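1. sequence plus the predicted model coming up.
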Amino acid sequence: MNTDIITDGDDEQVKTITSDVFDRSCVEIDLDALSHNYNEIRRITSPDAEIMAVVKADAYGHGAVRCARTLIKCGASYLCVATIGEAIELREAGIKTPILILGYTDPLHFKDVVKYDIDQAVYDLEAAKILSREAVAQNKTVRIHIKLDTGMGRLGFISDGSSTEDIVRICKLPGLDHYGVFSHFAVADTEDDEYTMQQFVSFMSELDQLAKCGITFEKRHICNSAGIMRFPGMHLDMVRAGIILYGLMPPGCPAPKQDIELVPVMSWYAKVIHAKTVPEGTSVSYGRHFKAKRPTKVLTVSIGYADGLSRRYSDGFELIVAGQRAPIIGNVCMDMCMLDATDIKDYVGVRSLVTVFGKQRSVDELAEYLGTINYEITCIIGKRVPRIYSE
């Protein structure tokens, strides 16, 4: 792998991540790993199904614009986001690939949906009428994707036939192109295959009812990351690849139908900014929860909860320095935390590189410690932590 590091908006290149590359903390985004994961997803996905790349939430914290460009280069024919702001960011970065907003957009922003040629999920007749009027006013056509609720209970027309008439009316509104229809699996990443099958049957049944009314769609999509790996017969015309693009498995997901090799895309680093040995009895950090029971080498590290390192990691969670694990002592502060490096054999001092997660440790370990999922860990890394891209 070419390990040149290219900082976004900067021509600087270095050979590898060191503490000199960043000020306080950084995440490295391995675009070669992202390309690899896309190609693996393409390999196991039905050749009849296009791949929609999920880049919402700033590409799960990885940087939406840079990741989108890489994924488009790999062959992704569609992108999807959660908000109008996320879609506009991609458009203003020069990305012309179709973009779908998966969820709610306030009708006040339908003007931008039309202006920026963005696809919009639709699950309400009145909102569809407003979008139609805006499209006509701008003399344009907006592609919409009808959202069906097949058992997630979140957004969408309930797929029991009770909304068929409203969907037909939406699809006949001027200025709207009913290009797609989709739903979302609730438990595809669990052993409850029966419920997933019920959702799929419900989805296809509603499409049959709509077809009898003369309404068909260019793109039908229901498979998320777990669905792609576990239910190849449900790939239809398009799949939505999310967390697996970034090299992470949906937590608890049963084994895929086909082997798939995923490579984590993100690594997170900080550095030692101060080192000292304190005598027995010295307290460290807010609240004085930690008191040294021996002469202790304390490393102050340039990362805190404002960067996304949860305060719940206080008093015991380990970071990696000099290839060894050192526990956090005392409370994690807003901008810093402290490590006990007394038992580390190698030299560590100011500017030593500290790893939160990456090739030496999976982000899943951090998620398990907090009782959450890997998605949350990557998404909550703060905006003030620069993303540095390797390719």
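-> Sure thing, it's come through.
2. and the pLDDT for Q13?
-> Confidence at Q13, expressed as pLDDT, is 45.
3. actually, K271.
-> Confidence score, pLDDT, at K271: 97.
4. report all helices and strands that the helix or strand it falls within contacts.
-> Element membership for K271, per DSSP states H and E: strand 266-278. Applying 3 or more Cβ pairs under 8 Å, 6 or more residues apart in numbering; DSSP states H and E, one finds that strand 266-278 contacts strand 25-30, strand 296-301, strand 353-357. No exception for glycine: its C-beta is placed from N, CA and C like everyone else's.
5. the first one: partners in the sheet, and parallel or antiparallel?
-> Within its sheet, and counting by DSSP bridges, strand 25-30 is paired with strand 266-278 (antiparallel), strand 387-390 (parallel).
6. out of those, nearest to D106?
-> Within those, the stretch nearest D106 is strand 387-390; the backing value is 28.6 Å (Cβ to Cβ).
7. return the alpha-carbon coordinates of that closest one using PDB.
-> These are the backbone C-alpha positions of strand 387-390, laid out as PDB (Å, rounded to 0.1, in the frame of the first residue of the first chain):
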ATOM      1  CA  ARG A 387      -9.300  13.800   9.000                       C
ATOM      2  CA  ILE A 388      -6.000  12.900   7.200                       C
ATOM      3  CA  TYR A 389      -6.400  10.700   4.100                       C
ATOM      4  CA  SER A 390      -4.000   8.100   3.000                       C
END
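8. starting at the chain centroid, how far to it?
-> Distance, stretch centre to chain centre, for strand 387-390: 16 Å (Cα atoms, centre = their mean, to the nearest Å).
9. cool, stretch 85-100 as well?
-> The answer for stretch 85-100 is 16 Å, by Cα atoms, centre = their mean.
10. ok, now stretch 19-28?
-> 21 Å.
11. before we move on, what about stretch 353-372?
-> With Cα atoms, centre = their mean, you get 16 Å for stretch 353-372.
12. got a list of contacts for that stretch?
-> 17-19, 28, 248, 251, 264, 266-272, 299, 301, 303, 309-310, 312-313, 317, 319-321, 323, 339, 373-374, 376-378 (Cβ atoms under 8 Å, 6 or more residues apart in numbering).
13. end-to-end on that stretch?
-> 26 Å (Cα to Cα, to the nearest Å).
14. just read off the phi/psi values of L108.
-> As for L108, its main-chain torsions (degrees, to the nearest 10) stand at phi -60, psi -20.
15. hmm, I was thinking of R288
-> Main-chain dihedrals, R288, degrees, to the nearest 10: phi 60, psi 40.
16. quick check: the gap between it and R312.
-> In this view, R288 and R312 are 19 Å apart by Cβ to Cβ, to the nearest Å.
17. the spatially closest residue to S159 that is not a sequence neighbour - how many residues pack around it?
-> In this structure, S159 finds its nearest non-sequential neighbour in E206, 4.0 Å apart by Cβ to Cβ, 6 or more residues apart in numbering. Other residues near E206 number 24, with proximity taken as other Cβ atoms under 10 Å.
18. quick one: T97 from K271, how far?
-> For T97, the distance to K271 equals 37 Å [Cβ to Cβ].
19. now do H36
-> In terms of Cβ to Cβ, H36 sits 28 Å off from K271.
20. so if I had to pick from those two, which one is more boxed in?
-> Neighbours were counted for H36 and for K271 using other Cβ under 10 Å; K271 has more, 23 against 18.
21. I'd say I44 and L262 touch.
-> No. Contact between I44 and L262 fails when scored by Cβ atoms under 8 Å: they sit 11.0 Å apart.
22. between the two, who's got more neighbours?
-> L262 (20 against 16).
23. which residues does that one contact?
-> L262 makes contacts with N37, E40, I244, G247, L248, M249, as judged by Cβ under 8 Å, 6+ apart.
24. leaving out sequence neighbours, find the closest residue to the last one.
-> This means M249. M249 sits nearest to L262 (Cβ to Cβ, 6+ apart), 6.8 Å away.
25. isn't there a helix covering the one you found?
-> No. Under DSSP: H, G, I helix; E, B strand; the rest coil, L262 sits outside any helix and is assigned coil.
26. great, nothing more from me.
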